[in-house]
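>>> A predicted structure for the sequence below; I have some questions about it.
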Amino acid sequence: MLIPIHKEMTREALSGRVSPRALEIIIAANCKQDALSGQIGHDEFHFDNNAIDEGHRYINEQRGFILAALLSPGVLSAWVAFGRLTHTVQDFYSHTNYVSMWLDRHSAPPPPEIDPVIKDLLESPSLHSGKLYMPMDWLYFVPFLRKLSLALLPSDSHAKMNLDSPAQGLKFEYARAAAVKRTLYEFELLEKILTPEMFSKFVDL
């Protein structure tokens, strides 16, 4: 999703649940994943190019970094790892066909009703993400070349599959709702797996 939307979603999910300073560091780390260094050679950061297993491994790796960081005297690196994690889980819903598969099972309920962690959908062999067909996918981001790129790109391209902004239509609202709920789910998961002392250190309230 676009950086301003990542910021909005992370604030919506975590405001009041972590300290203001923790939230700002988490948001900064989340957004840094979309820097050029995070875009090239890091499909796992964004679930691009069908990097489904790699993306899930990356999320688990960041959980491990959070735990390791909270076992040390500091807490900053735990917030940074959680920021990276939230970016990846948020992109899962805008870069894969999870939303489409979920909607296939339901008669278009309001977007807030989407369940972001349906196990058989998360593990479905039909789950896939958009592929980056260069250079045409880059041309998609040039406004006056967007129509041309969409006309030439296949249906499984990132340009045609992404739900990164409201311009992509109604499914964006489902992707956004799922991403916010998944961000909160990941926060609540930390509360379950961390000791009370470690969780208190993490939330910094």
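Good, I have the coordinates.
>>> Lowest mean pLDDT among the helices and strands, pick that one out for the chain.
Within the chain, no helix or strand scores below helix 136-139, which has a mean of 74 by mean pLDDT, DSSP states H and E.
>>> Packing partners of it?
helix 146-152, helix 158-161 (3 or more C-beta pairs under 8 Å, 6 or more residues apart in numbering; DSSP states H and E). Yep, even glycine has a C-beta here, placed from its N, CA and C like the rest.
>>> Would you confirm that Gln90 contacts Ile3?
No: counting by C-beta atoms under 8 Å, Gln90 sits too far from Ile3 to count as a contact (11.1 Å).
>>> Between those two, which has more neighbouring residues?
Using other C-beta atoms under 10 Å as the criterion, Gln90 and Ile3 rank with Gln90 on top: 29 against 15.
>>> mind checking how far the residue lying farthest from the centre of the chain is from Lys201?
Ranked by distance from the centre of the chain (C-alpha atoms, centre = their mean), the top residue is Pro73, with 28.6 Å. To Lys201, Pro73 is 10 Å away according to C-beta to C-beta, to the nearest Å.
>>> related to what we said a few turns ago, any chance of the helices and strands packed on helix 136-139 in JSON lines with mean neighbour count, mean pLDDT and distance to Arg17 as columns?
Formatted as JSON lines, the helices and strands packed on helix 136-139 follow (neighbours: other C-beta atoms under 10 Å; pLDDT from 0 to 100; distance: least, C-beta to C-beta, whole Å):
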{"stretch": "helix 146-152", "mean neighbour count": "13", "mean pLDDT": "82", "distance to Arg17": "38"}
{"stretch": "helix 158-161", "mean neighbour count": "20", "mean pLDDT": "89", "distance to Arg17": "31"}
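>>> who wins for proximity to Phe65 among the ones you listed?
Closest to Phe65 of the helices and strands packed on helix 136-139 is helix 158-161 (C-beta to C-beta; 27.2 Å).
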